[in-house]
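**Student:** how does the following fold in three dimensions:
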Amino acid sequence: MARRSGIASYVGRMADDLHRARSFGARAAEYAEHRPDYPAEGVCWALAAATRDVRQVLDLAAGTGKLTGGLLALGLEVTAVEPDGGMRVELARRLPGVDVRAGTAEEIPLPAGSVDAVLVGQAFHWFDADAALTEIARVLRPGGAVGALWNAEDRNAEWVAGLLEVSGTSVSNVEPDDLLFPAHPLFAPPEETAFRHTHRRTVGSLGETFATHSRMLVIDDTERAAVLGRIRDYLAARQETAGGEFDMPLVTKVVRATLGS
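**Tutor:** Coordinates of the predicted model:
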């Protein structure tokens, strides 16, 4: 019975993860408007894992193009792959001319050896990691790089730690320590670092940012309204945030690995 219970629990977690991963499309415009971008230093560090010149890059699970825009700013040729139709429409609207394709990390719609690097912003934790890395290795050229980036609130700031306490929901948050990027036989051992980052916000717009998180999207309207009310009340009462615009401190975790020869 214990084994049956364990299997049922695993299946339940997988179903919950799939539901959360698919929750963003209905709020694609808000996601694009209110989610932070990624620090250029972190993007460049991820790309530097490649032992070849990087010109053509795949933004995998590209969402609305937050990372795509940063790659284009570096003068790179970018193909964006995203499974959600709503997110693809928003990406194409904001970044016309980008090659945007339907696909998943486990079935990438590109030929073998077609890109120099694959980057993933705020999404690798939704993948079947082993299958995704095998597929990423297929589309990379020899010496290519894979990198994953995650923005997270900087808990070292006292007011941010308090904000995270009042913003809890009945659905668990994805914590930085849960963002796993496993070793894989086709890649050199992964390297990891972090970069400080900020996101310019107001009381209202930071509430909108939190409203795009999966743990907020999958709860019911009553709970969502209550959580957003707590967030607004908290921010309005803090001297760091009550006076208009402020910088939300973030830490961007970056993991990279080089395709083996």
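**Student:** now L133: how far from A112?
**Tutor:** 15 Å (CB to CB, to the nearest Å). Every C-beta, even on glycine, is put in place using the N, C-alpha and C of the backbone.
**Student:** so which elements touch the helix or strand harbouring L164?
**Tutor:** Using DSSP states H and E, L164 maps to helix 158-166. Secondary-structure packing of helix 158-166 (3 or more CB pairs under 8 Å, 6 or more residues apart in numbering; DSSP states H and E): strand 140-153, helix 221-237.
**Student:** tilt between the last one and helix 158-166?
**Tutor:** Read that as helix 221-237. 160 degrees (axes from the mean of the first three to the mean of the last three CA atoms, to 10 degrees).
**Student:** returning to that earlier point: and the helix holding L164, what's buried?
**Tutor:** For helix 158-166, burial by neighbour count (16 or more other CB atoms under 10 Å) applies to 160, 163.
**Student:** okay, now the unreliable bits of the stretch 1-150 of the chain?
**Tutor:** 1-27, 31 (pLDDT under 70).
**Student:** strands along that one, start to end?
**Tutor:** For the stretch 1-150 of the chain, the strands defined by DSSP state E, counting those that start in this stretch cover 56-60, 77-81, 99-101, 115-121, 140-153.
**Student:** how about the ones you listed in CSV, adding mean neighbour count?
**Tutor:** Putting the strands of the stretch 1-150 of the chain into CSV (neighbours: other CB atoms under 10 Å) gives the following:
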stretch, mean neighbour count
strand 56-60, 26
strand 77-81, 22
strand 99-101, 16
strand 115-121, 27
strand 140-153, 23
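**Student:** need those in JSON lines (columns: distance to G260).
**Tutor:** Listed next are these as JSON lines, based on distance: least, CB to CB, whole Å:
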{"stretch": "strand 56-60", "distance to G260": "18"}
{"stretch": "strand 77-81", "distance to G260": "23"}
{"stretch": "strand 99-101", "distance to G260": "26"}
{"stretch": "strand 115-121", "distance to G260": "15"}
{"stretch": "strand 140-153", "distance to G260": "9"}
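**Student:** for R230, find the nearest of these.
**Tutor:** Nearest of these to R230, taken as CB to CB: strand 140-153 at 15.5 Å.
**Student:** could you dump the closest one to PDB, C-alpha only?
**Tutor:** Only the C-alpha atoms of strand 140-153 are listed here, as PDB (Å, rounded to 0.1, in the frame of the first residue of the first chain):
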ATOM      1  CA  LEU A 140      23.300  22.000 -30.300                       C
ATOM      2  CA  ARG A 141      26.400  22.100 -32.400                       C
ATOM      3  CA  PRO A 142      29.700  20.700 -30.900                       C
ATOM      4  CA  GLY A 143      31.000  22.800 -28.100                       C
ATOM      5  CA  GLY A 144      27.600  24.500 -27.700                       C
ATOM      6  CA  ALA A 145      26.200  25.600 -24.400                       C
ATOM      7  CA  VAL A 146      23.000  25.300 -22.400                       C
ATOM      8  CA  GLY A 147      22.000  27.800 -19.700                       C
ATOM      9  CA  ALA A 148      19.100  28.200 -17.400                       C
ATOM     10  CA  LEU A 149      18.200  31.400 -15.600                       C
ATOM     11  CA  TRP A 150      15.700  32.100 -12.800                       C
ATOM     12  CA  ASN A 151      14.800  35.500 -11.200                       C
ATOM     13  CA  ALA A 152      13.900  35.300  -7.500                       C
ATOM     14  CA  GLU A 153      13.100  37.900  -4.800                       C
END
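**Student:** give me the sheet partners of that strand and which way each runs.
**Tutor:** Sheet partners assigned to strand 140-153 using DSSP bridges are listed as strand 115-121 (parallel), strand 246-258 (antiparallel).
**Student:** now for the nearest residue to A46 once chain neighbours are set aside: which residues touch it?
**Tutor:** Distances taken as CB to CB, 6 or more residues apart in numbering put G147 closest to A46, at 2.8 Å, once the chain neighbours are dropped. Applying CB atoms under 8 Å, 6 or more residues apart in numbering to G147 gives the contacts 43, 45-47, 49, 117-120, 254-257.
**Student:** could you dump those residues into a markdown table and include distance to G75?
**Tutor:** As requested, the contacts of G147 are exported to a markdown table (distance: CB to CB, whole Å):
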| residue | distance to G75 |
| --- | --- |
| V43 | 12 |
| W45 | 17 |
| A46 | 16 |
| L47 | 12 |
| A49 | 19 |
| A117 | 14 |
| V118 | 18 |
| L119 | 15 |
| V120 | 20 |
| V254 | 20 |
| V255 | 24 |
| R256 | 20 |
| A257 | 23 |
